[in-house]
Each structure stands twice: as C-alpha cells, then as structure tokens.
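Undergrad: Predicted model and sequence below, questions to follow.
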Amino acid sequence: MDHPAIEILDVGRVFTESGKNLVALDGVSFTVGQGEIVGLLGGNGAGKTTLTKILSTLLLPTTGTARVLGADVLRDPTAVRARQSVVLGGDRGLYGQLTARENLRFFGMLDGIAHRSLMARLDSALEEVGLAQAADRRVESFSKGMRQRLHIAIGLISDPRVLLLDEPTVGLDPVEAARLRASVASLRRSGVAVLLTSHYLLDVEELADRVVMLDKGRVTHEMSVADFSASLGYTATVVVRGSGAAPAQERFRPTGAVGVRIEADAGGWQLTLQLPQWSPAVLVGLGEALGQARIEGMEVLPARLEDAFIQLQAQT
Ligand SMILES: Nc1ncnc2c1ncn2[C@@H]1O[C@H](COP(=O)(O)OP(=O)(O)OP(=O)(O)O)[C@@H](O)[C@H]1O
C-alpha cells in the first residue's frame, strides 16, 4: 500500500516541569507525501523540535500518533528508524581526523548497513551532495558548508525514503548555502520526502512544495509556498526613487495597488507600491501616475515568503 511519507495525526505533547504542565504540541495533524518537501515554520518555542523528536522516535507523543511510511512511532519505532534519517548538522558528530569517505563508512556501519551495500552506496551518497572530489580529504580541512553536506550524505547512507532536516544552512555563506540547497533539491528528484525545519525562509521558499506553520503547538496555516506568499494580498512590491516634487498618493489608485507609501527625505522621495499583479498594463498605469515626476531608479521585488510569515505571525 502507498502510505504518505509522514502522517501526523492529532499529536499532542505535554511536558511537566516542577509540577506544571506545558503544552508543547496540541492536536497537530498534517501529512508529507512521498517525494514532497514540506517546510515546517514557526517562531521560537512553536513546537518544531518537539515534533521532529517525536518523528525521530526520541520522544513519545502524549496523545495522537505519527507514522513514517506507515510505521507507527509508538508501535514500531525500529521500522520508523529504518525508513528515515535525521540530519541535525552543525559541528557535532564528525571525525576530523577521518576522511569524508571514512566518516561515511563509520556511520553506515553504526547504522548496521551490510558491508557490500555500504560500499556500493558510499560513492553515490558523496556524489549526491557534491563531495565526490573531496571524498578522500580529512574532514578537519572542510568548510562549514562541506561539513553540512557530509551530514546530509551520512543521513542518506541508509538510503532513507524520508529525511528530517533541521536548519541545513545555518552559519553558511551564501555560496555554500546555495550549494547545499542544490543538494537538497536533488533529493526530490530521487523521490526522498523531506521535512525541512528552518528559520531561513529562503531555504523554505526555494525548496519546499508546501508550508506548515506552527504557533504555540498548533498548526495555524498549511498551504503551498505560492499560496503562502499570496496570502500577503500582493505579489510584487515596486519601489521608485525620485527627486524634486513627490507625486500625490491618490494618483496611484488606478494601478490597483493595495498599499501605497511615499516617504520624503533630504535626497528626494521614495514610493513603495504593493501590487496584486505585475503586468504591462500596470507598468503603463504606473508611468501615467508618475507623470512628470523625476525618476532616479526603480525596482520590482517579488513578494517573499518572509514577508508573509511575519504578517501571518503578527495576526495569530
Ligand atoms: N524537555 C522539555 N521540558 C520542558 N519543556 C520543554 C522541553 N522541550 C521543549 N519544551 C517546551 O516546549 C515548547 C516547544 O519547544 P520546541 O523546542 O519544540 O520549539 P521550537 O519551535 O523548536 O523552538 P526553536 O525555534 O526556538 O527551536 C517550548 O515552550 C519549550 O520550552
């Protein structure tokens, strides 16, 4: 039978500390399909780590259940562990004196992978994360990004169908972060499902198909990345900088803008328009509205997941 990669069914988790109950998760339900990448979002303390721990069988749910490819975390934790990997990353857990290949072999052995299949998987796991050229270098000479990619290779060595990925690009420079995102994107092509927890919304925006947002232990939003960004009510922000007299705000009403802001400073003025759609007709309308205004520069920025996250969080 074709099970979803992850099923979370009415999961609750209560921690008891000094006689007081703290509800970390409260009736959380959602699924992740096979080969799907879902971003798990939420502010500090929303319950993301607790949920990841439950899925990785490190913590039991107080109520409800969770399944990984049909295996129940309560009844069959061994099968759950065999079907998925958790990649926490960071500096922990790698052996600097060993090469990337040796680290991978070591962790594969710990995972109980048979020698022959382990040897057969080493090269493809290193290849998948772009470390084939560095396979025989000691890990102590690796950059943070290479270490992070090695963590993912270790997660992949058991050939899991589900990967729990926590903050994969934390501390990486933009080039390394982009490389790492490319490695994760290639997992989708090989059908691995990923639950991606990240405060770096660019990771989620680029990689995820869907977003689940938690707040105070409850799911507040669950939608596609496109719908999440569209929940802002606009798809583009146009910023126009000019000098001389600023145009009047009401001139921009015909453009259909949902937000119009004009700020003046010593150097001139800046107009910010939030538009439901950016089209040639809107560009013409904008030109007419600007009239004789002296334009120094213009930028069109697509609506960002980050803006939607901040707005939705403020509303909950
Ligand atoms: N072992 C524990 N004992 C008591 N309370 C805990 C424990 N683990 C988590 N909590 C509490 O449960 C709530 C959810 O925490 P959790 O770590 O899951 O949030 P998070 O979304 O991962 O946050 P962050 O983004 O800061 O990592 C928080 O209020 C936290 O203080």
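TA: Sure thing, it's come through. Numbers count the residues shown, from 1 in each chain.
Undergrad: How far off centre is the helix ranked longest in the chain?
TA: For the chain, the helix that runs over the most residues, judged by DSSP state H, is helix 174-189. What separates the centre of helix 174-189 from the centre of its chain is 12 Å, taken as C-alpha atoms, centre = their mean, to the nearest Å.
Undergrad: Just the buried positions in that helix, please.
TA: Neighbour-count burial for helix 174-189, with 16 or more other C-beta atoms under 10 Å as criterion, is recorded at 176-177, 179-181, 183-184, 187-188. Just so you know, the C-beta spots here come from the backbone N, C-alpha and C atoms, and that holds for glycine as well.
Undergrad: if we take these, which one ends up nearest to residue 57?
TA: Proximity of the buried residues of helix 174-189 to residue 57 (C-beta to C-beta) peaks at residue 187, which lies at 21.4 Å.
Undergrad: shouldn't the closest one be in contact with residue 163?
TA: Yes: look at residue 187 against residue 163 with C-beta atoms under 8 Å: they come within range, at 6.7 Å.
Undergrad: Mutual contacts of those two, please.
TA: Overlap of the contact sets of residue 187 and residue 163 (by C-beta atoms under 8 Å, 6 or more residues apart in numbering) consists of 156, 194.
Undergrad: quick one on the thing from earlier: after the longest helix of the chain, which helix or strand is next?
TA: Using DSSP states H and E, the helix or strand that follows helix 174-189 towards the C-terminus is strand 193-197.
Undergrad: Could you list the low-confidence segments of this protein?
TA: Per-residue confidence of the chain (counting by pLDDT under 70) places the weak regions at 1, 89-91.
Undergrad: Sketch out the helices for it, chain order is fine.
TA: All helices of the chain, identified by DSSP H, fall at 48-55, 77-83, 100-110, 115-128, 144-156, 174-189, 201-207, 225-230, 280-290, 305-315.
Undergrad: At the geometric centre of the chain, which residue do we find?
TA: residue 204 (2.9 Å; C-alpha atoms, centre = their mean).
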